[in-house]
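Chemist: sharing a model prediction with you, sequence too.
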Amino acid sequence: MYFRHLILPLLLVLILAAGAQAYKGGCPGQGHYQDFMSGLTPEQQEKVQKLTDVHHEQLFALHKELKAKHEAMETLFAAVPVDKAAVDKAMAEVNELQAKKAKLNADYRIELTEITGKPVPLESQRGCAGAAGCGAYSSGAGTGAGDAPASPAQTL
């Protein structure tokens, strides 16, 4: 009888604990670029939002192209024997797209700096992006090589 009375409170605690971990971005903190975005005028915030929207459209298009090139390259690697010339050509195309992505991100940061008049941080150094990662001893859920940079306009 006593055990049955404990089931409901235990379930409630588990549900609340699970909900507490459901932060945007999968990490606690929610502080992405708050320091950077604080103090901007409404006009600056609007310009940042428009620039970010355009940047994301271009970046996501590049991500789709990169994914397609990676899938095509996997098909080349699956063939026996592997066509080295085709793999080299595909790798050159992937490298070109990655260079475009790096240039796009650099141009975005430069334009943000011109709009806001202050340097744009590479990462917010809060939540999972900081040196300690997510949680006390975890490697965190930091961005990987193919992830898009977090947008400073997410806090608008």
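Modeler: The structure has been received and is ready for your questions.

Chemist: what is the longest helix seen in the chain packed up against?
Modeler: Assignment by DSSP state H gives helix 42-78 as the longest helix of the chain. Helix 42-78 is packed against helix 84-116, with contacts defined by 3 or more C-beta pairs under 8 Å, 6 or more residues apart in numbering; DSSP states H and E. C-beta: built from backbone N, CA, C; applies to glycine.

Chemist: list the buried residues in the helix it packs on.
Modeler: For helix 84-116, a neighbour-count test (16 or more other C-beta atoms under 10 Å) marks A90, E93, V94, L97, K101, N105, Y108, R109, E111, L112, I115, T116 as buried.

Chemist: P9: what secondary structure?
Modeler: When classified by DSSP: H, G, I helix; E, B strand; the rest coil, P9 comes out as helix.

Chemist: local confidence estimate at it?
Modeler: Here, the pLDDT recorded for P9 equals 80.

Chemist: near it, how many other residues are there?
Modeler: 9 (other C-beta atoms under 10 Å).

Chemist: make 79 the first number, not 1, from now on.
Modeler: OK, 79 is where the count begins now, so the last one is P87.

Chemist: quick one: it and I93, what's the gap?
Modeler: P87 is 11 Å from I93, where distance means C-beta to C-beta, to the nearest Å.

Chemist: likewise for A170?
Modeler: 52 Å.

Chemist: D161 now?
Modeler: Distance from D161 to I93, by C-beta to C-beta: 54 Å.

Chemist: closest to H133 out of the buried residues of helix 162-194?
Modeler: Y186 (4.6 Å; C-beta to C-beta).

Chemist: ok, that closest one touching L129?
Modeler: Yes. The criterion here is C-beta atoms under 8 Å, and Y186 meets it with L129 at 7.1 Å.
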